[in-house]
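Asks: predicted coordinates and the sequence they were generated for:
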Protein chains: 2
Amino acid sequence: MAIAQPKTKRGETSRAVILQAALDLFQQRGYDATTMRAIAGHAGVSLGSSYHYFPSKEHLVLEFYRHTHELHAAAIAPLLSREKDLAGRLRGTIRAVVITCEPFHTVAGSIFSTVANPSSPLNPFGAAAKPLRDEVVALYGEVVNGSDARIPADIAEMLPLMLWLYQMGILYFWIFDRSPGRLRTLEVIDETTDLIVRLIALANVPILRGSRKRILGMIKNIVEGRVS
Amino acid sequence: MAIAQPKTKRGETSRAVILQAALDLFQQRGYDATTMRAIAGHAGVSLGSSYHYFPSKEHLVLEFYRHTHELHAAAIAPLLSREKDLAGRLRGTIRAVVITCEPFHTVAGSIFSTVANPSSPLNPFGAAAKPLRDEVVALYGEVVNGSDARIPADIAEMLPLMLWLYQMGILYFWIFDRSPGRLRTLEVIDETTDLIVRLIALANVPILRGSRKRILGMIKNIVEGRVS
DNA sequence: GCTCTAACTTGAACATGTTCAAATTAAATG
DNA sequence: CATTTAATTTGAACATGTTCAAGTTAGAGC
C-alpha cells in the first residue's frame, strides 16, 4: 500500500521509465484507454513491477499533475517577474494553466473524476495531494504578493487558497469547453479575473464590511476542517 | 447502450426488483462494495438481465439520485407551504437535503466521483441527468417564488439554477464532514443561506450595480453553453 | 570471492464491470 | 391449439485493476 521509494540505481531507473511510459500513454490515449499492462509493456517491465513503485493507477495521475504543474510554473515565471498589475498577473497565470494543459484536454475529463472522489487518496483536499497543493497555493501567493495592489490583510491571507479553488473551477469549465481554440474558457478567464480584482477593491466599501467579515470568517472556518 | 424500457408485466417486475436490490445494497454496503453480481443475486435474476434494463452500474446511481430527490421534495412540502421568509425557506430546504441524504453518507463519496466525471452520462450537466436536474431547479424556483422577498427580475431569473449549484457545493462539503451529527455542515448552511439573502438585498446598492450586471451576464453566458 | 540479505522482478491468479450469442418465455396471430 | 415473433433471460467469456507468493538480482560485510 505504501509507496516504495527506490533504494537502488536500478530501482530509480525502473521507476522513472514506468512513469515516463505512463505520462506518454496518458497523453496519447487518455486515462481510461491506457491500461496498466500497456504502461508496463512500454516501460519494458512486468505488470507487477509497476505496482511496486505506484500503488495504483491513480497514483500515476498524481505524478501527471505534478508534471503539468511544473510546466505551468515555468511558463509563468517571466510574467511574474515583469507584470506588476494584479489583474494582469492573475489573468496571465490562469490563462497559462489552460494553455499548459491543452495537450491533455482529452485526458483531463476522466482524470478529474478520479481526483474529485473524496475517498481517493488523490483528491485535492486530502493528505496525499498536500505537497502539490501547497506548491500551487504558494504560487498564487506569489501572484498576489508580487503585485502592486494594496490588499487588506484579512483578504490577502485567504486569497491564495481561494485562487487555487478558482483555478480548479476554471479547469472544470475548461474540461467541458468544446469551443474552437477553447476560446470560451479564455473569455471566462478574462471576465472573472477582472471581476475578482474589482470585488477585492469593493471590499472596502463600508456597506460591504459586514458581509466581507462574515465571508472571510466562514471560509476560514470551512478551510480549517478540510485543507489543513 | 440505450436503456431498454420494459414492455411486459414481467419486464416491469424484473426492472423494479433489480432497482430495489441496487438501492438496498448501495445503502447497506456503499457503491464500490456493491457488485453487479450481488445486485443480480439479491434481485433473483441473472447478471445479464441487470444489464438489459440498466446499461451500466452508473445508471443505477441515477435512479438512486432520483429516489433521494423524491424523499427530499416530500420532506420540504410542509415547509414550503407554511414559511414565507426567503432565508427560512432556503435554510429549511438545504437542511432537508443533508438530512434526507444522511443514511447514504458513506455511499455518497464514491458516488460523487462517478457523477463528477464529465465523460459520464450521469454528470449533472449532461443530457441524461437533465430531467432530474430540471426538477431540482424547478424546486428551487418554488423556494424563491413562494417567498415574500422582492427580488430583482434579472437575479430571480438565474437564482434557481445558482441555488442548485449551491446545493451541490453543500453536498460536497457534507461528504467530507466527519463532525458528530454533521453539525458543521448544518452550521455552514445556516451561515451561507443568511449570506445569500443578504447579498441579494445588497445587489441594489448603486455601487454594486455594475458588478451585479457583469456577474449575471457572465453566469448566463456560462450556463448557456453547458446546462441547456 | 563467498554469503547473505534486502531490493527488485515476475507472471499467474483473482475480482468485477461489461458484452454477446444463444436459449427461453410469453403473447399475438391465424 | 399451433405458429411466429418479440421480449426477456442466461451464463460463459472478456478486459483490466490489483494482489501475492515465489523467483532473481545486486550489493554489503567478511
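Replies: Now that the structure is in, tell me what you want to look at.
Asks: list the buried residues of the helix or strand hosting residue A:93.
Replies: Assigned by DSSP states H and E, residue A:93 belongs to helix A:86-101. Going by neighbour count (16 or more other Cβ atoms under 10 Å in any protein chain shown), the buried part of helix A:86-101 is A:86-87, A:89-98, A:100-101. C-beta: built from backbone N, CA, C; applies to glycine.
Asks: got those residues as JSON lines, with pLDDT and distance to DNA strand C columns?
Replies: Compiled in JSON lines, the buried residues of helix A:86-101 are given as follows (pLDDT from 0 to 100; distance: Cβ to the nearest atom of the strand, whole Å):
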{"residue": "A:86", "pLDDT": "97", "distance to DNA strand C": "46"}
{"residue": "A:87", "pLDDT": "96", "distance to DNA strand C": "45"}
{"residue": "A:89", "pLDDT": "98", "distance to DNA strand C": "42"}
{"residue": "A:90", "pLDDT": "98", "distance to DNA strand C": "40"}
{"residue": "A:91", "pLDDT": "98", "distance to DNA strand C": "40"}
{"residue": "A:92", "pLDDT": "98", "distance to DNA strand C": "41"}
{"residue": "A:93", "pLDDT": "98", "distance to DNA strand C": "38"}
{"residue": "A:94", "pLDDT": "98", "distance to DNA strand C": "35"}
{"residue": "A:95", "pLDDT": "98", "distance to DNA strand C": "36"}
{"residue": "A:96", "pLDDT": "98", "distance to DNA strand C": "36"}
{"residue": "A:97", "pLDDT": "97", "distance to DNA strand C": "31"}
{"residue": "A:98", "pLDDT": "96", "distance to DNA strand C": "30"}
{"residue": "A:100", "pLDDT": "95", "distance to DNA strand C": "31"}
{"residue": "A:101", "pLDDT": "93", "distance to DNA strand C": "27"}
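Asks: packing partners of the lowest-mean-pLDDT helix or strand in chain A?
Replies: Least confident element among the helices and strands of chain A, by mean pLDDT, DSSP states H and E: helix A:105-116 (a mean of 78). Helix A:105-116 sits against helix A:9-29, helix A:57-82, helix A:153-176, helix B:105-116, with contacts defined as 3 or more Cβ pairs under 8 Å, 6 or more residues apart in numbering or on different chains; DSSP states H and E.
Asks: how close does residue A:149 get to DNA strand C?
Replies: In this structure, residue A:149 lies at 49 Å from DNA strand C, with Cβ to the nearest atom of the strand, to the nearest Å as the measure.
Asks: so that residue makes contact with residue A:197?
Replies: Yes. Residue A:149 is within contact range of residue A:197, at 7.3 Å (criterion: Cβ atoms under 8 Å).
Asks: who's more crowded, those two?
Replies: Neighbour count, other Cβ atoms under 10 Å in any protein chain shown: between residue A:149 and residue A:197, residue A:197 has more, with 20 against 17.
Asks: ok, that one touching residue A:90?
Replies: Yes. Residue A:197 lies in contact with residue A:90 (Cβ under 8 Å); the separation is 6.9 Å.
Asks: what about residue A:13, neighbour count?
Replies: Applying other Cβ under 10 Å, we find 12 residues neighbouring residue A:13.
Asks: again with residue A:54
Replies: By other Cβ under 10 Å, 22 other residues sit near residue A:54.
Asks: same check on the one 10 residues further on?
Replies: Other residues within reach of residue A:64 by the criterion other Cβ under 10 Å amount to 20.
Asks: now do it against residue A:196, distance only.
Replies: The spacing between residue A:64 and residue A:196, counted by Cβ to Cβ, to the nearest Å, is 28 Å.
Asks: now do residue A:155
Replies: 11 Å.
Asks: and the nearest residue to residue A:83 once chain neighbours are set aside, what does it touch?
Replies: What sits nearest to residue A:83 in space, not counting adjacent residues and going by Cβ to Cβ, 6 or more residues apart in numbering or on different chains, is residue A:89, at 5.2 Å. When contacts are counted by Cβ atoms under 8 Å, 6 or more residues apart in numbering or on different chains, residue A:89 touches A:79, A:80, A:83, A:143, A:146, A:147.
Asks: which of these lies closest to chain B?
Replies: Taking Cβ to the nearest Cβ as the measure, residue A:147 is the one of these closest to chain B, at 20.3 Å.
Asks: overlap in contacts, residue A:149 and residue A:197.
Replies: Common contact partners of residue A:149 and residue A:197 (Cβ under 8 Å, 6+ apart): residue A:86.
Asks: in the helix or strand residue A:48 falls within, which residues are buried?
Replies: For residue A:48, the enclosing helix or strand under DSSP H and E is helix A:47-53. Judged by neighbour count using 16+ other Cβ under 10 Å, the buried positions of helix A:47-53 are A:49, A:50, A:51, A:52, A:53.
Asks: could you do stretch A:181-198 as well?
Replies: A:182, A:184, A:185, A:186, A:188, A:189, A:191, A:192, A:193, A:196, A:197.
Asks: same check, this time on stretch A:29-45
Replies: Neighbour counts over stretch A:29-45 (16+ other Cβ under 10 Å) mark A:30, A:31, A:34, A:36, A:39, A:40, A:42, A:43, A:45 as buried.
Asks: and for stretch A:75-84?
Replies: A:75, A:76, A:79, A:80, A:83.
Asks: flag every residue of chain A that's near DNA strand C.
Replies: Neighbours of DNA strand C within chain A, by Cβ under 7 Å from any atom of the strand: A:4, A:6-8, A:10-14, A:45-49, A:51-52.
Asks: do any residues in stretch A:53-68 lie close to DNA strand D?
Replies: Yes. For a cut-off given as Cβ under 7 Å from any atom of the strand, stretch A:53-68 has contacts with DNA strand D, namely A:55, A:56, A:57, A:58.
Asks: and which of those residues is nearest chain B?
Replies: For these, the minimum distance to chain B (Cβ to the nearest Cβ) is 10.7 Å, reached by residue A:58.
Asks: my read: the closest one touches residue A:120, true?
Replies: Yes. Using Cβ under 8 Å, residue A:58 is in contact with residue A:120, at 6.0 Å.
Asks: mutual contacts of those two, please.
Replies: With Cβ under 8 Å, 6+ apart, residue A:58 and residue A:120 have common neighbours residue A:114.
Asks: of those two, who's got more company?
Replies: Under the criterion of other Cβ under 10 Å, the comparison of residue A:58 against residue A:120 puts residue A:120 first, with 22 against 18.
Asks: isn't residue A:193 right next to residue A:92, touching?
Replies: No. Under the criterion of Cβ under 8 Å, residue A:193 makes no contact with residue A:92, lying 9.0 Å away.
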